[in-house]
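Student: Predicted model follows, preceded by the sequence.
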Amino acid sequence: MTDTNARTDEILSRASQLGEQEMAELLHRTPGSRRLYDEATEVMPYGVASTFQANDPYPVYLDHAHGSRVWDVDDNEYIDFHGGFGCMLVGHAHPKVAEAIEKAARTGTHFAVTTPTAVHLAEEICRRFRLESVRFANSGTEATMDAIRIARAATGRDDVLKIEGSYHGHHDTVMFSVVPNADALGGRDHPATTPMSKGIPADVANHTHVVPFNDLAAAQRMLEDKGNRIACLILEPIMMNVGIVLPADGYLQGLRELCTKHGVVLIFDEVKSGATVAAGGVIERYGVDPDLACFAKAVFGGTPGGAFGGRADIMDVIEHGAAQQGTFNGNPLVAAAGLACLTEVLTPDAYDHLAAIGKRLADGCRAAIDANGIPAHVIDLGAKGCVSYRPEPLTNYRDFLETRPELFEASFPWLLNRGIFMTPGDEEQWTLSVQHTEDDIDRYVDVYSAFCREIATG
């Protein structure tokens, strides 16, 4: 065993012990969450509104929030780096968003008729993300579901190509190869189309194909073999289902060329990256235009909205027989929140602030990792970032399987016990908001640095 391996084993051992201690302390601090969990399990599976919210032995239940802070049902205060799984780029109860929502609440939250606010929001989304045409939905899942249907209608093809280990919502077509275990991956050249959930008809797998991220050659082989059957390639252009995986130089441009060559609709799932990694999302940051793009989360100011759009000639199939509808699409409350978010809060100054505090957080975490020899790396994308417990940056999903979950499992209760609220899984990222301050960032760095010292030295 090398000295490096021996050192890593020592760190992992201390992390496992520390995790047990910290989890016991977290349970001691959250008796109200335990009581609410017992009540909730009587009426909801896992005691939560969405399975992603579940945690072992129970989740921390939040009661209220303001600015960069959240409070749980035991009145413990935390600085929020969870951000509602990436939605709360504006922070909590932002005055401009709250004012827009209050006005909508007093003048009508729902008509099932398009309003001027919805039209203005559509104009702003098209401007910001370089789209020609857009339609609204109510979530990221609906946005990707609709985009795939439109791509199928536009091409007359049935099959979909997706990336190994990526999540695009919970509709059947894309619930394959989301988080497969090592024994369900298949070969590198032929990744398995493994369902994430029970209840998906077996035949659906025949229409969904999988390739690894950052592997242009694999995408080329797939399209040369099945391109005349494939309607679209859907991907997160920055992969955010396993921490953060950046696209290799030329990868997105190469996919753009391949899809154009084979008549395949290129769909960017920017549900997480839209408005967070840049004002115009990945489309702006990397300068590659997809045929369609999907948005939700941060774009709608913390309300349940979604959108997809792109080339007008593709979106035109909606007027020629392709169904896209929804009673609540573009409703006045969500439209008002989204418009205020994009035009009044997420200004150029806001992105300067997010870039500065994002760098401050990433640099602080990186310094703690380097000083203590922790097998981890840090990714900084302004409002989004993460620590992944693998020394080298990830290039695809299979790299994620080499991370050390013991380290995350120890860090999670450590952070919560010291007032830092984070997502409950190592596949997620932190999300900063315009209401976070340098003091908030420094508090995170201090707490995380202490964690690294503790598992490094005991």
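Tutor: Perfect, thanks for sending it.
Student: switch to C-alpha atoms for all contacts and neighbour counts from now on
Tutor: OK.
Student: and G309, backbone torsions?
Tutor: phi -180, psi -180 (degrees, to the nearest 10).
Student: What lies in contact with stretch 170-182?
Tutor: Identification of contacts with stretch 170-182 by CA atoms under 8 Å, 6 or more residues apart in numbering yields 141, 145, 160, 162-169, 185, 192-197, 200, 204-205, 207-208, 210, 401.
Student: Could you rerun that using 7 Å?
Tutor: 141, 145, 164-168, 193-196, 200, 204, 208 (CA atoms under 7 Å, 6 or more residues apart in numbering).
Student: So which of those residues sit within helices?
Tutor: Applying DSSP state H to the contacts of stretch 170-182, the entries found in helices are T141, M145.
Student: any chance of the contacts of stretch 170-182 in JSON lines, plus distance to A383, pLDDT and neighbour count?
Tutor: JSON lines is the format used below for the contacts of stretch 170-182 (distance: CA to CA, whole Å; pLDDT from 0 to 100; neighbours: other CA atoms under 10 Å):
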{"residue": "T141", "distance to A383": "22", "pLDDT": "98", "neighbour count": "20"}
{"residue": "M145", "distance to A383": "26", "pLDDT": "98", "neighbour count": "22"}
{"residue": "E164", "distance to A383": "25", "pLDDT": "95", "neighbour count": "26"}
{"residue": "G165", "distance to A383": "23", "pLDDT": "93", "neighbour count": "24"}
{"residue": "S166", "distance to A383": "21", "pLDDT": "95", "neighbour count": "26"}
{"residue": "Y167", "distance to A383": "20", "pLDDT": "94", "neighbour count": "23"}
{"residue": "H168", "distance to A383": "21", "pLDDT": "96", "neighbour count": "26"}
{"residue": "T193", "distance to A383": "33", "pLDDT": "82", "neighbour count": "25"}
{"residue": "T194", "distance to A383": "32", "pLDDT": "84", "neighbour count": "21"}
{"residue": "P195", "distance to A383": "32", "pLDDT": "88", "neighbour count": "22"}
{"residue": "M196", "distance to A383": "29", "pLDDT": "88", "neighbour count": "17"}
{"residue": "I200", "distance to A383": "35", "pLDDT": "92", "neighbour count": "15"}
{"residue": "V204", "distance to A383": "36", "pLDDT": "92", "neighbour count": "16"}
{"residue": "T208", "distance to A383": "32", "pLDDT": "96", "neighbour count": "21"}
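Student: with the contacts of stretch 170-182 in mind, which one is nearest to D370?
Tutor: Checking the contacts of stretch 170-182 against D370 with CA to CA, the nearest one is G165 at 28.5 Å.
Student: correct me, but the closest one touches N396?
Tutor: No. Using CA atoms under 7 Å, G165 is not in contact with N396; the gap is 8.1 Å.
Student: which stretches of the stretch 301-450 of the chain form helices?
Tutor: Remark: helices assigned in the stretch 301-450 of the chain by DSSP state H, counting those that start in this stretch are 312-315, 332-340, 348-372, 397-400, 405-417, 438-457.
Student: looking at the ones you listed, which is buried most?
Tutor: Highest mean neighbour count among these (mean count of other CA atoms under 10 Å): helix 332-340, with a mean of 27.
Student: about what we covered before: wait, which of the helices of the stretch 301-450 of the chain is closest to G19?
Tutor: helix 405-417 (3.8 Å).
Student: name the helices or strands packed onto the helix or strand harbouring A118?
Tutor: According to DSSP states H and E, A118 maps onto helix 116-129. Where contact means 3 or more CA pairs under 7 Å, 6 or more residues apart in numbering; DSSP states H and E, helix 116-129 is packed against strand 133-137, helix 332-340.
Student: With mean pLDDT and distance to L89 added, can I get those in a markdown table?
Tutor: Formatted as a markdown table, the helices and strands packed on helix 116-129 follow (pLDDT from 0 to 100; distance: least, CA to CA, whole Å):
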| stretch | mean pLDDT | distance to L89 |
| --- | --- | --- |
| strand 133-137 | 98 | 20 |
| helix 332-340 | 98 | 12 |
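Student: Go through those and name the closest to A298.
Tutor: Closest among those, using CA to CA: helix 332-340, at 8.7 Å.
Student: Tell me which residues are up against that closest one.
Tutor: 96-97, 100-101, 104-105, 109-110, 115, 117-118, 121, 299-301, 303-305.
Student: all strands for the stretch 201-350 of the chain, in order.
Tutor: In the stretch 201-350 of the chain, the strands defined using DSSP state E, counting those that start in this stretch lie at 208-211, 230-235, 265-269, 292-295, 306-310.
Student: I'd like the ones you listed laid out as TSV, including distance to Y389.
Tutor: TSV is the format used below for those (distance: least, CA to CA, whole Å):
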stretch	distance to Y389
strand 208-211	24
strand 230-235	24
strand 265-269	25
strand 292-295	29
strand 306-310	32
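Student: quick one, which of these is packed in tightest?
Tutor: strand 292-295 (a mean of 30).
Student: And E77, how far from W71?
Tutor: 5 Å (CA to CA, to the nearest Å).
Student: same question, L161
Tutor: From L161 to W71 the distance is 42 Å (CA to CA).
Student: could the contacts of stretch 170-182 be laid out in a markdown table, adding distance to R130?
Tutor: Formatted as a markdown table, these follow (distance: CA to CA, whole Å):
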| residue | distance to R130 |
| --- | --- |
| T141 | 22 |
| M145 | 21 |
| E164 | 27 |
| G165 | 28 |
| S166 | 24 |
| Y167 | 24 |
| H168 | 21 |
| T193 | 33 |
| T194 | 34 |
| P195 | 34 |
| M196 | 33 |
| I200 | 35 |
| V204 | 33 |
| T208 | 28 |
